[in-house]
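In: below are the sequence and a predicted model for it; my questions follow.
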Amino acid sequence: MKHRTFFWFILPTLSAMVLFIALPIVSVFIQSLFIQHEQVIVVSESCGPFGCTPTTSVDTEATERLREEKPLGRFNGLATYGNRSHLAFAEVGEAWRSSDSLGGFVDAVMDLPFYKALIFTLSYTFVVTPLVIVLGLAIAVGVNKLPSLIKGPSIFVSLLPFLVTPLVGSLILFWMVDGDGIIGASLQLLFNDPSLSVKASTPLMWIMLMVYGVWHTLPFSFITFYAGLQTVPKDILEAAQIDGASKWQSMMLVVVPHLMPLVSFVTLMLLMDNFRVFEPIVSFNAQAHATSLSWFIYNDLREAGNPLYASAGATSMLTILGVVILLTPVLIRTWRDFNRKAH
Amino acid sequence: MATTRDTRLTPLAIVSYGAVALWLIIAAFPFFWTFWGSFKVQADFFSKADWTYAVYGVNTIRETGGSFTGQGYEGAWVQEEFWKNAINSTVVVFFTVTISLTFGTLGGYALARSGFRYAFWILFAALVFRAMPHITLVSGYLLPFFEWNIWGIKPTTIIVLVAINQPFTLWMLHSFFLNIPKDMDESAMVDGCTRFQAFRYVIIPVMWPGVITTGLFSFLLAYNDFAVTAMLLSEENETIIPAINSFLGSDQVEGSIMFAVAAVVSVTAPLLVLVLFFQRQIVSGLTAGAVKG
């Protein structure tokens, strides 16, 4: 294809991506360097019968004007990145010096909003991803053995948790584990503890969010592995059987290696999606116990009437940095694979 | 052919059947339960006293006379005017899918037919863009959109959703076009077509299976989106998913939570129909990138 034709074909999609994905990243970075204007303070003397007292008041009009003229705020450099709501160098240093045990240090760091979000996001990603891969493979093998009459319906049922809107899916689960919902109430009965509630306990909330994560993404890995199982060469399986391999052995030594490329594909997709975990935290109303990086940004932008662009920008940049670090190994591999294919 | 070895019930087989059965229950039961419960009153669906209330609807019978009630649906669709949100969603989803498929087929075709190195770099960039959490992009839009006074209207949201959708659409259609033999359009060009004519008369007639599969996923992305629509749409343009979230946020009047339950069921129903009709395409789409990759 000629360069010219290629250009015209790719123009719409490329301009959409540059305008609404690449430029916003630049815009986010610029926003993160600025900080909101301080309010314009006027000091005036108010004199009453008992003498004069200086009073300070906010000149709303002047503040408004300043905001209008320079919506970005004033230049702040990289200071937002280091403040208490983000990397909090001062507070982390202080916690390191003052706490005498590792546990105390971790507790202190968990009180900082950014680290709280970061730690939950990472735990969520690295608990849910491997669980989903292992369970997905197990269920794919199981379904593959089913008589073909039940295969279709069971794939239909399996697809539902994955395709349902994340916000809606997590609400459905949340209503069931709520103190008054069927699972929540049964658990209270089972443990004979009427105060047992997901809403009131941090560990339970973490577990529930991760259970939701597994429930929601398991179908994706299951379907992918199921499709992969259809391509396992029959003759190799038979050869393994003749050589005396047990079912378990041929599973581990023939099928799993055959599926390895799929595992890396699924891992890539799951890492991307789990790292942006957001909707379940909104649905579960979990912010007191667990927040994620995405939720943290959402919360800053939601600040009624007065979005904290600088803070959201800084968190966004740190999140993007996290995504890039997470994906580097996979991206390098994709690049190598492509080069190998090209030559 | 199934041999005795395949059908014999070994302990391993029993465990794996058990796991599959358990998974199917876990996958389906929440939907069934919520659907059933959406026809009850709050005191039944969220019953602290006895979970069987939700099954038999004891309080529902006491409050409404029948064991099923449409109160939740009436409250959501009529009282809270959920139908307005449904119309907004229809508009946003329709235009997002149409535009992103148009952009995506053109781009995907070009990428599949160009052997130059920059084609790879575009795909690579698209993969990185695919990984960006949507809310980080939204935090970049908000301030400029306010400044240009285009915040809150549907066209802005549509074009943003189209852009967010592009990386995935490009990858999918690119791998789909790779499977259409090059000879087809090239022979058309030998016969005197321009590249665009070859695309129009030779490729478009055969591309529909791939476009439909990709369209399903574009639909899901636009329909399911919360981060973008919640932040970029004003109240009168709100789509269904942020609307459900606002149901929850509004004051917790007795029974208003049942509006949300009814809305949730209403939102899930079209997805169910979609899976019912397009199961094959969805499965092939999920695995398209993987199996060939």
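Out: Thanks, I have the structure now.
In: excluding sequence neighbours, find me the nearest residue to whichever residue of the stretch 1-150 of chain A sits closest to chain B.
Out: Residue of the stretch 1-150 of chain A nearest chain B, by C-beta to the nearest C-beta: A:Pro24 (2.9 Å). The C-beta positions use only the backbone N, C-alpha and C, and glycine is treated the same way. Spatial nearest neighbour of A:Pro24, excluding adjacent residues (C-beta to C-beta, 6 or more residues apart in numbering or on different chains): B:Gly140 at 2.9 Å.
In: that neighbour reaches A:Ala22, doesn't it?
Out: No - between B:Gly140 and A:Ala22 there is no contact under C-beta atoms under 8 Å: 9.9 Å.
In: tell me which of those two has more neighbours.
Out: Set B:Gly140 next to A:Ala22 and count neighbours by other C-beta atoms under 10 Å in any protein chain shown: B:Gly140 wins out with 26 against 18.
In: name the element that one belongs to?
Out: Following DSSP states H and E, one finds B:Gly140 within helix B:134-148.
In: cool, and A:Glu45?
Out: strand A:41-48.
In: what average pLDDT does that strand get?
Out: Average pLDDT, strand A:41-48: 75.
In: put the alpha carbons of the helix or strand just after it into PDB.
Out: Per DSSP H and E, the first helix or strand lying C-terminal to strand A:41-48 is strand A:51-58. These are the backbone C-alpha positions of strand A:51-58, laid out as PDB (Å, rounded to 0.1, in the frame of the first residue of the first chain):
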ATOM      1  CA  GLY A  51     -12.900  49.700  69.000                       C
ATOM      2  CA  CYS A  52     -11.600  48.500  65.700                       C
ATOM      3  CA  THR A  53     -10.800  44.900  64.900                       C
ATOM      4  CA  PRO A  54      -9.100  43.700  61.700                       C
ATOM      5  CA  THR A  55     -11.200  41.100  59.900                       C
ATOM      6  CA  THR A  56     -10.100  38.900  57.000                       C
ATOM      7  CA  SER A  57     -12.600  37.900  54.500                       C
ATOM      8  CA  VAL A  58     -12.500  36.100  51.200                       C
END
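In: so how far is strand A:51-58 off the chain centroid?
Out: Chain-centre distance of strand A:51-58: 49 Å, with C-alpha atoms, centre = their mean, to the nearest Å.
In: how about stretch B:100-109?
Out: Stretch B:100-109 sits 19 Å away from the centroid of its parent chain (C-alpha atoms, centre = their mean).
In: can you list phi and psi of residue 69 for me?
Out: Using chain A. In terms of degrees, to the nearest 10, the main-chain angles of A:Glu69 are phi -70, psi -50.
In: chain B was what I was after
Out: phi -140, psi 150.
In: not counting sequence-adjacent ones, nearest residue to it?
Out: Nearest to B:Thr69 is B:Thr60, by C-beta to C-beta, 6+ apart, at 5.5 Å.
In: taking the centroid of the chain, which residue is nearest it?
Out: Answering for chain A, as no chain was given. A:Arg276 (2.3 Å; C-alpha atoms, centre = their mean).
In: sorry, should have said chain B
Out: Per C-alpha atoms, centre = their mean, the C-alpha nearest to the average position across chain B is that of B:Leu220, at 1.6 Å.
In: quick one: residues contacting that residue.
Out: Shown in contact with B:Leu220 (C-beta atoms under 8 Å, 6 or more residues apart in numbering or on different chains): A:Leu163, B:Leu271.
In: local confidence estimate at the closest residue to B:Gly115 other than its chain neighbours?
Out: Spatially, and ignoring its direct neighbours in sequence, B:Gly115 is nearest to A:Met1 (7.9 Å; C-beta to C-beta, 6+ apart). The per-residue pLDDT reported for A:Met1 equals 77.
In: could you chop chain B up by domain?
Out: Domain ranges of chain B: B:9-74, B:82-292, per automatic domain parsing.
In: who are the packing partners of the host helix or strand of A:Leu66?
Out: Using DSSP H and E, A:Leu66 sits within helix A:60-69. Judged by 3 or more C-beta pairs under 8 Å, 6 or more residues apart in numbering or on different chains; DSSP states H and E, helix A:60-69 is in contact with no other helix or strand.
In: hang on, the earlier thing: name the nearest residue to the residue nearest to the centre of chain A, sequence neighbours excluded.
Out: Sequence neighbours aside, B:Pro133 is the residue nearest to A:Arg276 in space, at 3.6 Å (criterion: C-beta to C-beta, 6+ apart).
In: who touches that neighbour in this structure?
Out: By C-beta under 8 Å, 6+ apart, the contact set of B:Pro133 is A:Phe275, A:Arg276, A:Phe278, A:Leu293, A:Ser294, A:Ile297, A:Thr319, A:Ile320, A:Val323.
In: how does it look with 6 Å?
Out: Residues in contact with B:Pro133 (C-beta atoms under 6 Å, 6 or more residues apart in numbering or on different chains) are A:Arg276, A:Ser294, A:Thr319.
In: quick one: which of those residues sit in helices?
Out: Per DSSP state H, helices hold the following members of the contacts of B:Pro133: A:Ser294, A:Thr319.
In: for the contacts of B:Pro133, which one is nearest B:Ala198?
Out: Nearest to B:Ala198 out of these is A:Arg276 (C-beta to C-beta; 39.6 Å).
In: returning to that earlier point: the residue nearest to the centre of chain A touches A:Trp295, doesn't it?
Out: No - with contacts counted by C-beta atoms under 6 Å, A:Arg276 stays clear of A:Trp295, the gap being 10.0 Å.
In: ok, now which ones touch the closest residue to A:Phe120 other than its chain neighbours?
Out: Leaving out its chain neighbours, the residue that sits closest to A:Phe120 by C-beta to C-beta, 6+ apart is A:Ala290, at 4.7 Å. A:Ala290 is in contact with A:Phe120, A:Met205, A:Trp206, A:Leu209, counting by C-beta under 6 Å, 6+ apart.
In: put together TSV for the residues you listed, with neighbour count and pLDDT on each row.
Out: Putting the contacts of A:Ala290 into TSV (neighbours: other C-beta atoms under 10 Å in any protein chain shown; pLDDT from 0 to 100) gives the following:
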residue	neighbour count	pLDDT
A:Phe120	26	95
A:Met205	23	91
A:Trp206	18	93
A:Leu209	27	94
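In: what about those, which are in helices?
Out: A:Phe120, A:Met205, A:Trp206, A:Leu209.
In: so who does the last one touch?
Out: With contact set as C-beta under 6 Å, 6+ apart, A:Leu209 has these partners: A:Pro280, A:Ala290.
In: what sits up against stretch A:310-324?
Out: Here stretch A:310-324 makes contact (C-beta under 6 Å, 6+ apart) with A:28-29, A:31-32, A:34-35, A:80-81, A:85-86, A:293, A:296-297, A:300-301, B:131, B:133, B:136, B:139.
In: next up, the contacts around B:Gln279.
Out: A:Phe156.
In: per-residue confidence at it?
Out: In this model, B:Gln279 is scored at 89, pLDDT.
In: which single residue of chain B ends up nearest chain A?
Out: Of all residues in chain B, the one sitting closest to chain A is B:Gly140 (2.9 Å; C-beta to the nearest C-beta).
In: residue contacts, that residue?
Out: So B:Gly140 contacts A:Pro24, A:Ser27, A:Val28 (C-beta under 6 Å, 6+ apart).
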